[in-house]
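**Student:** Please work out how this folds:
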Amino acid sequence: MSLQFVLGSSGSGKTEYLYRQTVREAGEHPKKNYLVIVPEQFTMQTQKKLVELSPNHAIMNIDVLSFKRLAYRVFDELGKNDVRILEETGKNLVLRRVALEKEEELTVLRQGMNRMGYVGEMKSLISELQQYNISPAQLEAYLESGGLSPVFAAKLKDVKTMYQGFLDFLRGRYITAEELLHVLRDVAKDSKLLRGSVMIFDEFTGFTPVQNLLLKELLPLAEQVRVSLTIDADEDFYRSRGSEELFYLSKKTIGSLMRMAESVHVDVMEPVILAESEKKRFQKAPSLAFMEKNLFRSWYQKYQKEKNEITISTERNPKEELIY
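**Tutor:** Next comes the predicted model:
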């Protein structure tokens, strides 16, 4: 059981390094499961890359999954077919019903519920609250803490009313996609797919509290967990000066995962540090490599050579921008 970070600046080859290592090891250990976890929008691209890197152009014991797909794979393995997921359209319909049932309790938000798109915004807010593991009880405690403006307090009370009504309706019927990881966390220890596997987390800038709770469960189950993060090679990875830092999110994630590993007695290996982005992604674009090293830095240099890879253009309307 171990945790290892793969660190480096943008374009330094972190993904390439991880995928080549995964393909090589998967060929050497055909009976071991390799789980590559990426954000939903990167799954197809990642599968394509791994197939291209594989000597036989096949990835038999490598699975490319998002967090959501990982949950479904484990549920299928364990025969857990009683999980009913409420999709986005269903959430809107449930919230519309809750708004009608709770109409007398709502104050500031009552009129807005009839406006186009308002229920959708409420759905997004509730989804975010669930992702960050914030319950109606926590909202109530915040309201009772005082010090809030009357208007904000009224809005927050309405949000809590809608949120509680939404959860009450779902109880015993459905779960939301945001609650999937809670269910996965409860059954992860029973999964042969997860136990003894190698897990690779790529393309993430950080993890939500719900994802962190799952990761804490996965760390002692997996043989090794590898996480790639974008951060300059000359940064102090383990010390942050505050949220204004350029790589604050990466440092926060490193600190969070290290504390998590310590709490479940998982070893943290020496990180793999990749530095030379100009020899990887930007090897044919020196001005882009220079910009990657200097953009948003307090200590920056000025590019003195000819800039062939960077252009700025303007068009008259969005249609022309699309054509361009």
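
**Student:** Tell me the predicted confidence for residue 277.
**Tutor:** For residue 277, the model assigns a pLDDT of 61.

**Student:** just for the chain, where's the confidence low?
**Tutor:** 277-279 (pLDDT under 70).

**Student:** Run through the helices of it in chain order.
**Tutor:** 14-28, 43-53, 67-78, 88-101, 118-131, 136-144, 150-170, 180-187, 209-218, 248-263, 286-294, 318-323 (DSSP state H).

**Student:** Determine the set of other helices and strands touching the fourth one.
**Tutor:** Going back to what we said before, that points to helix 88-101. helix 118-131, helix 150-170 (3 or more Cβ pairs under 8 Å, 6 or more residues apart in numbering; DSSP states H and E). To be clear about C-beta, it is placed using only N, CA and C from the backbone, and glycine gets the same treatment.

**Student:** who wins for proximity to residue 300 among those?
**Tutor:** Proximity to residue 300 (Cβ to Cβ) singles out helix 118-131 among the helices and strands packed on helix 88-101, at 34.6 Å.

**Student:** distance of the nearest residue to residue 33 once chain neighbours are set aside from residue 53?
**Tutor:** For residue 33, ignoring the flanking residues on the chain, the nearest one in space by Cβ to Cβ, 6 or more residues apart in numbering is residue 197 at 4.0 Å. Using Cβ to Cβ, to the nearest Å, we find residue 197 at a distance of 19 Å from residue 53.

**Student:** More neighbours: these two, which one.
**Tutor:** Just comparing residue 197 and residue 53: by other Cβ atoms under 10 Å the higher neighbour count belongs to residue 197, 21 against 15.

**Student:** which residues does that one contact?
**Tutor:** In this structure, residue 197 makes contact with 32, 33, 34, 35, 221, 222, 223, judged by Cβ atoms under 8 Å, 6 or more residues apart in numbering.

**Student:** tell me, what residue is most central in the chain?
**Tutor:** Nearest to the geometric centre of the chain sits residue 207, at 4.9 Å (Cα atoms, centre = their mean).

**Student:** shouldn't that one be in contact with residue 253?
**Tutor:** Yes. Counting by Cβ atoms under 8 Å, residue 207 touches residue 253, with 6.6 Å between them.

**Student:** that older thread, of the helices and strands packed on helix 88-101, which approaches residue 193 most closely?
**Tutor:** It is, among those and with distance given as Cβ to Cβ, helix 118-131, at 24.2 Å.

**Student:** The closest residue to residue 49 other than its chain neighbours and residue 220, how far apart?
**Tutor:** Distances taken as Cβ to Cβ, 6+ apart place residue 19 nearest to residue 49, at 5.9 Å, with adjacent residues excluded. The gap separating residue 19 from residue 220 is 25 Å, by Cβ to Cβ.

**Student:** So the two - more neighbours on which side?
**Tutor:** residue 19 (20 against 15).

**Student:** ok now do that one, which residues does it touch?
**Tutor:** Residue 19 neighbours (Cβ under 8 Å, 6+ apart): 36, 46, 49, 50, 53.

**Student:** So the fourth one is in contact with residue 59, correct?
**Tutor:** To tie it back to what came earlier, the one meant is residue 50. Yes. Applying Cβ under 8 Å as the test, residue 50 and residue 59 come out as touching, 5.1 Å apart.

**Student:** anything in contact with each of those two?
**Tutor:** residue 23.

**Student:** Among those two, which residue is more densely surrounded?
**Tutor:** residue 50 (22 against 19).

**Student:** Relative to residue 66, how far out is the more buried one?
**Tutor:** On the measure of Cβ to Cβ, residue 50 and residue 66 end up 15 Å apart.

**Student:** and if you look at residue 20?
**Tutor:** For residue 20 relative to residue 66 (Cβ to Cβ), the value is 22 Å.

**Student:** go on, residue 194?
**Tutor:** Look at residue 194 and residue 66: by Cβ to Cβ, they are 15 Å apart.

**Student:** With neighbour numbers in mind, choose between those two.
**Tutor:** Here residue 194 and residue 66 are set side by side on neighbour count (other Cβ under 10 Å), and the busier one is residue 194, at 22 against 16.
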